[in-house]
Structures are given as structure tokens and as C-alpha cells.
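[1] sequence and predicted structure are below.
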Amino acid sequence: MPTNEQLTLFLWLQGLFPRRVNYWLLIKGLVLSPQDLLNGETMDPNLSLVRLNLDVATGSISWKSNPESDPLPPEISTSSPCLRIRDTKTGNERWVRESSSIITYLEEVYADRGPSLKPRDLLDVAAMNDLVGQINLSIIESLTYIRHASPQFAAFAGIKEEERSQPAARVGHQGMVKGFMKVQDWARDSLATTGWLTPGTDGPGLVDANLAAVRRYLELVYGWDIFEKSELKPLAEWYERFKGLPWWAALEERPNVHPSEFKFTIEKFEV
């Protein structure tokens, strides 16, 4: 990384997509422990963490930054995670806003540090990108289900109670399951050889961080196991393996790991 570049991550640590970044930081070793993550401490002086907290007191969601001296600019104030790359010589700034793009970029920047979370072979890289893309498509399908199965999320999405639809929920759920079946099928070889989803790596990589964050967040918010269908047993077993990483319990099983005001219900629609 050029010595004149300062990287700053803005993270609401409890969120779905920021969790992808949390997991990457810990697997990569750029954050030594969950406590260091919560404290905003990294192993590289050129990489800073600004932790975001949600402020809902005014009736609208806004961010409070910690430290307060480095708030999100108003034009991107609803985006978490996001990564700012600032040239300390010129003051010029560029931003990366999507979680999967952020950790892919950081993996390139820190290619020579810690374990490799990205394959070197170009075909493996293409396969990795296919997997991440399919995971993101499956998230969209899961949101269709949640919009109709969760009364609170439906209201947040502007869907009236009488507009909630069990058939729409079913279609979304089926689309999600089919998408995740593609993921486990495409990752069959790497699951069989290393136990992880990311091809061409010896341990958990970018694909694993992307999917584990989705699984954990939807469990915390909705009490929903997205791998509960028997067809997804290989992914359920993979997730149990991911939970065995040394930092997992301290990060994800601590008290109040997710704020109670952001926990919602899902009605058990027939899917």
C-alpha cells in the first residue's frame, strides 16, 4: 500500500454487511481480538476504524461516529460499511461502499499480510466472484421473504398489512434456497478438500466471510436459520465449522451482541 494512503473503515459493527468486514479483519489478523475490534484498534497505523452507532431518538435513523472527530460526510451518511481512501499528500478522497467490494479491495492491499483469503489462480478468482455474486442474489430473494413474513419489516418497507402476501413470501424463500443450493454445489470441491467455501485457499476466505455474516445476522435479528432446509445441510455443517474459529465466541456470543430494538419477528408462513 502506498505510504501516503490512509484507509478508514466506517462500520456499524452490529450490521449484516459490516459483519463481513469484521470477520475479514479478524481472519486476516489486522485486528487481533474482538475486544480490539470493539475498541476500534487495528494492527496497521494506516488503517483506522470509525465505529458507527445508530441514533433513532429523533424518529429517523442517523449515525453517530466514534470518534466524533471523523463523522461520515452527509452525502453518504446512510452507508455502512464504507471505506475511505485518502491521499495524505493531496487530500483527495475516494470511497468504496459495498461490503464485498471493500473486503476484496483490502485483501489486495494487504496481500502480503496474514493468511491469504483470496485465491491466486485466475480461474479460482472467477469461481470466487461467481460465489459472492450468487450469495448477494440470494440475499435479495431472502429480503422478498422477510418483507412479507415480518410485520415490522413490512411496515418499514412501506408494505401495508393487507398487502403482505404469503405467495410472495413463498417465492422469495424458494428463490433464496435455490440460490444457496447453487452456492454449495459450486463450492463442492473446496468444501470436500478444505472444508471452506472459498476456492484456492487453505482456510476461510472471502466467500466464507460474505456468507457467514448473512447467516449470523438473520439469526440475530429474526431468529431465522436460513440453512434450516435439509437440502442445505452442507452449508449448515460449514457454518458450524465457521463458528469454531477462535474469535467467534468472544465476538458473536457476548451479552447484548445485537440491540434488542432491532430484533423482529417472522411469521411462519408455509414455504
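    Structure received.

[2] shaky segments in the stretch 1-150 of the chain?
    Along the stretch 1-150 of the chain, the parts satisfying pLDDT under 70 run over 1-3, 56-62, 76-78.

[3] which residues in it form strands?
    For the stretch 1-150 of the chain, the strands defined by DSSP state E, counting those that start in this stretch cover 5-11, 47-55, 62-66, 82-87, 93-96.

[4] looking at those, which is closest to residue 172?
    strand 47-55 (25.8 Å; C-beta to C-beta). All C-beta spots, glycine's among them, are computed from the backbone N, C-alpha and C.

[5] give me the contact list for the closest one.
    Defining contact as C-beta atoms under 8 Å, 6 or more residues apart in numbering, one finds that strand 47-55 is touched by 6-13, 30, 37-38, 40-42, 61-67, 70, 72, 80, 259, 262.

[6] repeat that with 7 Å
    When contacts are defined by C-beta atoms under 7 Å, 6 or more residues apart in numbering, strand 47-55 is touched by residues 7-13, 30, 40, 42, 61-67, 70, 80.

[7] pairing partners for it, with directions?
    strand 5-11 (parallel), strand 62-66 (antiparallel) (DSSP bridges).

[8] flag every buried residue along that strand.
    Residues 47-52, 54 are the ones in strand 47-55 that count as buried (16 or more other C-beta atoms under 10 Å).

[9] and these, which is closest to residue 165?
    Distance ranking of those against residue 165, using C-beta to C-beta, places residue 54 first at 29.3 Å.

[10] deepest of the strands paired with strand 47-55, which one?
    Of the strands paired with strand 47-55, the one with the most neighbours on average (mean count of other C-beta atoms under 10 Å) is strand 5-11, at a mean of 20.

[11] and that one with strand 82-87, angle?
    Computed by axes from the mean of the first three to the mean of the last three C-alpha atoms, to 10 degrees, the angle separating strand 5-11 from strand 82-87 equals 160 degrees.

[12] how about strand 5-11 as CSV, C-alpha atoms only?
    Taking C-alpha atoms only, strand 5-11 is exported to CSV below (Å, rounded to 0.1, in the frame of the first residue of the first chain):
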residue,chain,number,x,y,z
GLU,A,5,-2.7,6.5,1.6
GLN,A,6,-4.8,6.5,4.8
LEU,A,7,-7.6,3.9,4.9
THR,A,8,-10.6,4.5,7.1
LEU,A,9,-13.4,2.0,7.7
PHE,A,10,-16.8,3.3,8.9
LEU,A,11,-18.7,0.4,10.5
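
[13] quick one: contacts of it?
    Looking at what lies outside strand 5-11 - C-beta under 7 Å, 6+ apart - the contacts are 18, 21, 46-52, 70, 72, 80-88.

[14] great, nothing more from me.
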